[in-house]
Structures are given as structure tokens and as C-alpha cells.
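# when you get a sec, could you give me coordinates for this:
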Amino acid sequence: MENVGIYKPPQKNTDVITDVIGDVSDTFQVDLSTSDLEVTQSAQDKLREIIEQGDEDVSAIRIYVGGGGCGGMSYGMTFTDQQTDFDTIQSFDGFKLYVDVVALNYLRGAQIDYIQEAGHERFVFNNVFAETGGTGACGGCGAAGGGDSGGGDSGCD
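The predicted model follows:
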């Protein structure tokens, strides 16, 4: 049998990629503006307090988005000491917020507030879906005002 050669996988041509998209720093905006995500003064004060009381290696808080389906998206925060290549950053006195670009698509135009009510304190994400539209709920769910009241499949996750 004749040797037909050795397979060589295609190689990435970085010159073509650079020509097409240019310098990534030209297209990816790292700074997170207040029009992208507003953090009220009360939320800033509480986040700063939490960071100061925490581990000295932690200097940032990551905002994340998860879920979907009938209950809508869930929004949360966690401590972090690492920034990724896909994080947008908002700097405050004493701490930074990191939001990756995927989460930012769901948060753009939102506001993070800190509310203290009779023994109940919490962070609240206001005005989510401000620029993307939608309510975060399925139109077919009974809880959303429609759907199948007979116990059948409503089409929601």
C-alpha cells in the first residue's frame, strides 16, 4: 500500500484574524459605565463594608446571572480575587465590580440597590431587562397569567 502522506490539521492563521477583527482592545470595552449598571450609594457603602470585613486577598465582587425559564433570570454577587479576559470593570472607592460580557447583556441598564427594612436587609437588582426587553417569565406559565391549568405541559422549563 502506498503512503499517501501524514495528516496535518489546519493551522490558525493569526494574520487573517487580526486583519478581520483588528486589535481586540479596540472592540471590547473593559470599563463598565453607570449607564450599563448603576450601583446606588447605599449599595456601594454596604459592598465596601463587606469587602473591608472580608479576606484581605479579595478586592472585587463578581456580579453573575443564572437561570432562566418561568422564574426569569437570577442575579447575584460573589467575592472574587481574579479578573477574567471577558470581564467589564467598574471601580469604586475600596472595591471593584466585575461583570462578564454575557452577564452584562442581561444587566445593561439595571440598578443595584441596598435596602434596609425592619430587620430585613438585602441587595436588590432593579430594572433588569431595561434595555433587552421582556419580563423574565414565560407567557405559557400559569404563574405568569396564562398557560395550562389542567396540569399539562405548559412549555416552560
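
# helices of the chain, residue ranges please.
For the chain, the helices defined by DSSP state H cover 14-21, 24-27, 41-53, 101-107.

# low-scoring stretches of the protein, by residue?
Residues of the chain that meet the criterion pLDDT under 70 lie in 1-29, 68, 129-157.

# and the strands in it?
Ranges of strands in the chain, per DSSP state E, are 37-39, 60-67, 73-80, 87-92, 95-100, 110-117, 120-126.

# mind putting the ones you listed into JSON lines with mean neighbour count and distance to Gly54?
The C-beta positions use only the backbone N, C-alpha and C, and glycine is treated the same way. Converted to JSON lines, the strands of the chain look like this (neighbours: other Cβ atoms under 10 Å; distance: least, Cβ to Cβ, whole Å):
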{"stretch": "strand 37-39", "mean neighbour count": "19", "distance to Gly54": "18"}
{"stretch": "strand 60-67", "mean neighbour count": "18", "distance to Gly54": "10"}
{"stretch": "strand 73-80", "mean neighbour count": "15", "distance to Gly54": "6"}
{"stretch": "strand 87-92", "mean neighbour count": "17", "distance to Gly54": "15"}
{"stretch": "strand 95-100", "mean neighbour count": "20", "distance to Gly54": "10"}
{"stretch": "strand 110-117", "mean neighbour count": "16", "distance to Gly54": "16"}
{"stretch": "strand 120-126", "mean neighbour count": "13", "distance to Gly54": "15"}
